[in-house]
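Enquirer: Need coordinates for the following:
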Amino acid sequence: MFSFCTDPSTLDTARWFACYLTTGKHANFYISFGTVLLLLAITAPTALAFGFGGAAAARSRFLPLSWLGKIYIAIVRGVPDIAFFLFFVIALDQAFEWVRHQVLCPGWDEPIRQGNDFIVCPEAKLPLGNAPQWVHETYGFFVAVLTFAIVFGAFAANVLYGAMRAVPRAQLETAEAYGMSRRQIFWRILVPQMWVYALPGLSNLWMVLIKATPLLFLLGVEDIVYWARDLGGTANPRFTDYPHGDWRVWYFLALLVFYLGFTRVSEIFLERLMQRFTHGQAFSGTGTGQAGMR
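Expert: Sure, this is the predicted structure:
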């Protein structure tokens with residue numbers, strides 16, 4: 001905030017915008033872009049880990065584990081994302097509190113589920129009622145990241161499972177003939193080879209994940225959509241120091257530019273990554289097996 005911003009009614013247009021765009025609320029808007037990038041930075045590798053675990057489980061010869069992996073993929077992929085996000089966040093939060101309740105309040109003699117209410121002892125609440133605001137925000141962000149990772153991990157599992165099946169069987173049989181164990185074949189032959197087949201699907205999934213970040217708004221996280229709606233609107237009394245018309249179109253236009261620019265940078269990076277993965281690879285006829293084993 002500049003020193004000349006004490007009386008907004010006396011400012012000319014340039015100074016008015018200089019003061020308006022440097023308020024504390026706008027600082028939160030700018031920080032929220034970092035929130036989105038942090039979500040992507042944490043969710044992408046976490047979802048990939050969920051996906052790899054789900055794909056490896058679905059491919060397992062141990063039937064219960066294989067069923068578990070396939071059920072995980074089928075259920076999450078079969079439920080609409082918005083329904084899963086709205087339901088699962090509540091269920092996950094209550095699951096955490098239920099576990100804490102069982103550990104911290106063993107003498108509790110009242111039912112936890114009372115009609116539509118879910119009531120646990122005060123010590124089991126997450127976060128605690130007297131916790132500072134940043135703890136509440138961090139916990140909400142953690143639950144959101146975990147939900148994103150589980151949802152997109154199921155899609156990643158489906159992609160990786162298909163990529164594992166796409167690796168030529170001849171390569172695995174040749175490795176087996178050389179005396180490699182199943183574990184060695186999995187980590188030394190199958191996993192390195194599958195990324196070439198998985199990368200196109202994972203690239204599309206990354207783009208979908210970028211477009212899904214506005215769902216943070218539905219999960220109660222103050223993301224860029226939350227601030228764009230409030231800063232651009234006219235109904236919120238917290239912004240009466242700098243009254244203006246309905247400017248939401250301009251704020252959402254800024255979000256459009258941000259997302260288009262970010263996806264374009266992602267496309268360039270993924271294209272170069274694909275070129276590096278496919279360098280020296282052969283994908284047709286018998287050359288696939290020969291090139292892979294060399």
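Enquirer: now residue 122: how far from residue 97?
Expert: 11 Å (CB to CB, to the nearest Å). Every residue, glycine included, has its C-beta placed from N, CA and C.
Enquirer: And those two? Which one has more around it.
Expert: residue 97 (18 against 10; other CB atoms under 10 Å).
Enquirer: pretty sure that one is touching residue 119, no?
Expert: No. With contact defined as CB atoms under 8 Å, residue 97 does not reach residue 119; the gap is 9.7 Å.
Enquirer: Show the subsequent helix or strand relative to the lengthiest helix in the chain.
Expert: If you go by DSSP state H, the chain has its longest helix at helix 24-59. Helices and strands here follow DSSP states H and E; after helix 24-59, the next one along the chain is helix 63-78.
Enquirer: Skipping adjacent residues, who's closest to residue 77 in space?
Expert: residue 154 (5.4 Å; CB to CB, 6 or more residues apart in numbering).
Enquirer: residue contacts, the one you found?
Expert: 50-51, 54, 72-73, 75-77 (CB atoms under 8 Å, 6 or more residues apart in numbering).
Enquirer: can you tell me how far it sits from residue 106?
Expert: For residue 154, the distance to residue 106 - CB to CB - is 35 Å.
Enquirer: ok, now residue 116?
Expert: From residue 116 to residue 106 the distance is 25 Å (CB to CB).
Enquirer: Which one of these two is surrounded by more residues?
Expert: Counted by other CB under 10 Å, residue 116 and residue 106 do not tie: residue 106 has more neighbours, with 8 against 5.
Enquirer: and that one, which of the three is it?
Expert: coil (DSSP: H, G, I helix; E, B strand; the rest coil).
Enquirer: returning to what we had before: what about the residue nearest to residue 77, which helix or strand?
Expert: helix 133-166.
Enquirer: and the following helix or strand past that helix, what does it pack onto?
Expert: Downstream of helix 133-166, the next assigned helix or strand under DSSP H and E is helix 169-177. Packing partners of helix 169-177 (3 or more CB pairs under 8 Å, 6 or more residues apart in numbering; DSSP states H and E): helix 182-185, helix 287-293.
Enquirer: now with 6 Å?
Expert: When contacts are defined as 3 or more CB pairs under 6 Å, 6 or more residues apart in numbering; DSSP states H and E, helix 169-177 sits against helix 287-293.
Enquirer: count of residues packed around residue 166?
Expert: Quick note: residue 166 (other CB under 10 Å) scores 14 neighbours.
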